[in-house]
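J.: Got a predicted structure plus its sequence, pasted below:
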Amino acid sequence: MSIRAELVRLGARWLIKRRGRRETAQQTRQRLRAIEALCPRPPTSTTITSVDAGAVMADRVTTPASDLNRHVLYLHGGGYRAGAPTYYRHFTWRIASATRASVLAIKYRLAPEHPFPAALEDAISAYRWMIGEGADPRQCAVIGDSAGGGLALAMLLKLRDDGCRVPAAAVALSPWTDLALTGASLHRNARSDPMLNADDLPSIVADYLAFADPRSPYASPLYGNPLGLPPVLIQVGSDEIMRDDAVRMANKLRSAGCRVELEIWRRMPHVWHLFVPVLPEAHRAIERIGDFIRREMRSMPDPA
């Protein structure tokens, strides 16, 4: 583990974990807007276009490395009540280059103003729009972080259940897959997690679900049957409170016969990938994502 990673952990504990305790949705959004100003801009060779993706606004991100026949749908994190593609531009351009694809980062509706299943509906609409625009599912992938990681897996379940062709691969970064909050790591890693407070999660769940069942597979994919889902790469930090959300999801995918790769990165904070301007481990994780997506897109067989 790098010295920079240790410094990031210390900074996250002070600036995010301590200050973010018991935030409202509005306070979290204000904090993210302040952080956005600190994020470096993408290189000038990056093209970012605002598009209406099936009544869902989105950033389309491409770089000189992007093959415009390859598509990645990106679903941001933020506990379903904060976040936007603009906060991720320092990261999504790197995903576009690593996967050699065009990235569609969507601005899905947020809770509590728009509770479950609004975010899922928007993810499905954007994916259907992408396919309607000519994207081949065999050359598509979905990536999500934190709540967006759970949303990506829930989207796959819904697409399959609706009889739609699923993308070739999925990547879930520190995914939140269990809104019933039953993972042992919520308590075991409560002190060691440098970013997240387990005590904050019940109010976030309440905002998002608005009395819906936390064990609905479309809210908590851990409770779904993943039979028939495409290959999935899951990356999570060893000290995260959501470590068990990732581990149990990987085990469930594996038990259903799905191909899954689980990577537990030692002492990495929640979605460490977003610290890529300063963190060497983030660069390596993004390289792994690119390798995985490109391999699975190449190996996807023709439909019967």
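T.: Sure, I can see it.

J.: Quick one, grab the pLDDT at Ser97.
T.: We have a pLDDT of 98 for Ser97.

J.: One more: Asp145?
T.: 98.

J.: Contacts only, for Pro40.
T.: Applying Cβ atoms under 8 Å, 6 or more residues apart in numbering, one finds that Pro40 lies in contact with 90, 277. In short, each C-beta sits where N, CA and C put it, glycine included.

J.: Please report how far it lies from Asp245.
T.: Distance of Pro40 to Asp245, computed by Cβ to Cβ, to the nearest Å: 30 Å.

J.: One more: Gln235?
T.: Distance from Gln235 to Asp245, by Cβ to Cβ: 12 Å.

J.: more neighbours, these two?
T.: Asp245 (30 against 26; other Cβ atoms under 10 Å).

J.: Go ahead and confirm the more buried one touches Ala184.
T.: No. Taking Cβ atoms under 8 Å as the definition, Asp245 is not a contact partner of Ala184, at 10.5 Å.

J.: Tell me, how many residues neighbour Arg138?
T.: With other Cβ under 10 Å as criterion, Arg138 counts 18.

J.: which outside residues touch the lengthiest helix in the chain?
T.: Ordering each helix of the chain by length in residues (DSSP state H) puts helix 280-299 first. Among residues not part of helix 280-299, those counted as contacts by Cβ under 8 Å, 6+ apart are 1-2, 4-5, 70, 72, 94-95, 97-101, 138-139, 141, 143, 168-169, 171, 173, 230-231, 233, 235, 261, 263, 265, 268, 272-276.

J.: 7 Å instead?
T.: Residues outside helix 280-299 that contact it (Cβ atoms under 7 Å, 6 or more residues apart in numbering): 2, 4-5, 70, 72, 94-95, 98-100, 138-139, 141, 168-169, 171, 231, 233, 235, 261, 263, 265, 268, 272-273, 275-276.

J.: Let's see the lowest-mean-pLDDT helix or strand in the chain as CSV, backbone CA atoms only.
T.: Every helix and strand in the chain was compared by mean pLDDT, DSSP states H and E; the lowest is helix 25-36, with a mean of 89. Presented in CSV, the C-alpha positions along helix 25-36 are these (Å, rounded to 0.1, in the frame of the first residue of the first chain):
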residue,chain,number,x,y,z
ALA,A,25,-29.5,14.9,1.4
GLN,A,26,-29.2,18.7,0.8
GLN,A,27,-26.1,18.9,2.9
THR,A,28,-24.4,16.0,1.1
ARG,A,29,-25.2,17.7,-2.2
GLN,A,30,-23.7,21.0,-1.0
ARG,A,31,-20.5,19.2,0.1
LEU,A,32,-20.2,17.4,-3.3
ARG,A,33,-20.6,20.7,-5.1
ALA,A,34,-17.7,22.1,-3.1
ILE,A,35,-15.5,19.0,-3.8
GLU,A,36,-16.3,19.3,-7.5
